[in-house]
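Asks: okay, structure incoming, though there's no sequence with it:
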């Protein structure tokens, strides 16, 4: 599976701060940074206004950068309940923005992202930022952390997608021998 | 505060089954049923497709019935984690649909809804369905439960909104004496 030229948008979902990135796959494992940023919504604003602001920002990014696929961090029910719920609402509106444009969305757990990018599923923030800076050949570490995370999620997809595709092909081959589609 | 003529859309949020209702406030505590239904999305479909389907259905309801306000059940982090997350994603897209049309959204907890409609914050499903059938003068109990819940949430808003408005007025009066807006 040759991904060369594939544009991947990475999203580190959040309502107060949402990390967004776009990278492009090059030859082999080469990945080229295209854009990175953070969308913020004021925590004292109404939920409806915050979701609208976030939705508009993500739609603008999608329309400006035309990604082929979106990779997003899978959220878990842990930590502050209200934050988790807000993040889950945010994920809903962002997945919807992708669905409206028929762009596939892939979710990765934090440890899948860490493992793909640094080889260690338990890498800390500092290690991850340093790896992502080196992998993408950036002049300085991306800030804030949400921006670095969004880049890491996009790189994770670029490097895992070929493996997943091979996995699917192997599964299909296996099923074809047992008569299943 | 006279609510006569106010159109309230009630939503019992969910991704597999989402209850939707529209009622209209009459004189005093009178409430008139306008519409009730349930939107379903197949649990074996992709999240993106399910959210898109739900979003389209809710937008159609809003555009068809032109509610002045939307009342929604507040969700809690309890029960099956994956179900809670799916419901939270669904809430995100529905609050967004309201925000895009500048329609205010009010959230009520299940016990607030039960207390407002039946006088008992711990009323069971059967009691609630029987109350809602009587209050709205329906020929038969609404089915399934999600439809009855959506009606109860809308009725809850009609009956609580005047109290909330008086509470806000009292709070404003209080603040005006202390110099706060």
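Replies: Received the coordinates, thanks. These numbers come from a predicted model, not from an experiment. Residues are numbered from 1 along each chain as shown, chains lettered A, B, ... in the order given.
Asks: ok, the residue of chain A found nearest chain B - contacts?
Replies: Using C-beta to the nearest C-beta, the single residue of chain A nearest to chain B is residue A:92, 2.9 Å away. From N, CA and C alone the C-beta is placed, and that goes for glycine too. When contacts are counted by C-beta atoms under 8 Å, 6 or more residues apart in numbering or on different chains, residue A:92 is found next to B:51, B:88-93, B:96.
Asks: so what's the backbone phi/psi at the spatially closest residue to residue A:104 that is not a sequence neighbour?
Replies: With sequence-adjacent residues excluded and distances taken as C-beta to C-beta, 6 or more residues apart in numbering or on different chains, residue A:104 is closest to residue A:69, at 5.2 Å. For residue A:69, the backbone dihedrals (degrees, to the nearest 10) come out as phi -150, psi 150.
Asks: how about residue A:69, what does it touch?
Replies: Counting by C-beta under 8 Å, 6+ apart, residue A:69 has contacts A:6-9, A:103-106, A:157, A:161.
Asks: now do the helices in chain A.
Replies: Remark: helices assigned in chain A by DSSP state H are A:47-65, A:81-100, A:110-118, A:125-135, A:145-178.
Asks: most tightly packed of the ones you listed?
Replies: Of all these, helix A:81-100 has the most neighbours on average by mean count of other C-beta atoms under 10 Å in any protein chain shown, namely a mean of 23.
Asks: quick one: distance of that helix to the chain centre.
Replies: Centroid separation between helix A:81-100 and its chain, computed with C-alpha atoms, centre = their mean, to the nearest Å, is 13 Å.
Asks: next one: residue A:174, what pLDDT does it get?
Replies: On pLDDT, residue A:174 comes in at 51.
Asks: same question, residue A:69
Replies: 97.
Asks: residues of chain A that sit close to chain B?
Replies: A:47-49, A:51-52, A:55, A:75, A:77, A:81, A:84-85, A:88-93, A:95-96, A:98-100, A:104-105 (C-beta under 8 Å from any C-beta of the partner chain).
Asks: okay, the contacts of residue A:69 in TSV with distance to residue B:43 and pLDDT next?
Replies: Formatted as TSV, these follow (distance: C-beta to C-beta, whole Å; pLDDT from 0 to 100):
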residue	distance to residue B:43	pLDDT
A:6	30	95
A:7	31	97
A:8	28	98
A:9	27	98
A:103	22	98
A:104	19	97
A:105	18	97
A:106	20	96
A:157	25	97
A:161	26	83
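Asks: could I get those as CSV with distance to residue B:114?
Replies: As requested, these are arranged in CSV below (distance: C-beta to C-beta, whole Å):
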residue, distance to residue B:114
A:6, 51
A:7, 50
A:8, 47
A:9, 43
A:103, 41
A:104, 41
A:105, 37
A:106, 40
A:157, 45
A:161, 48
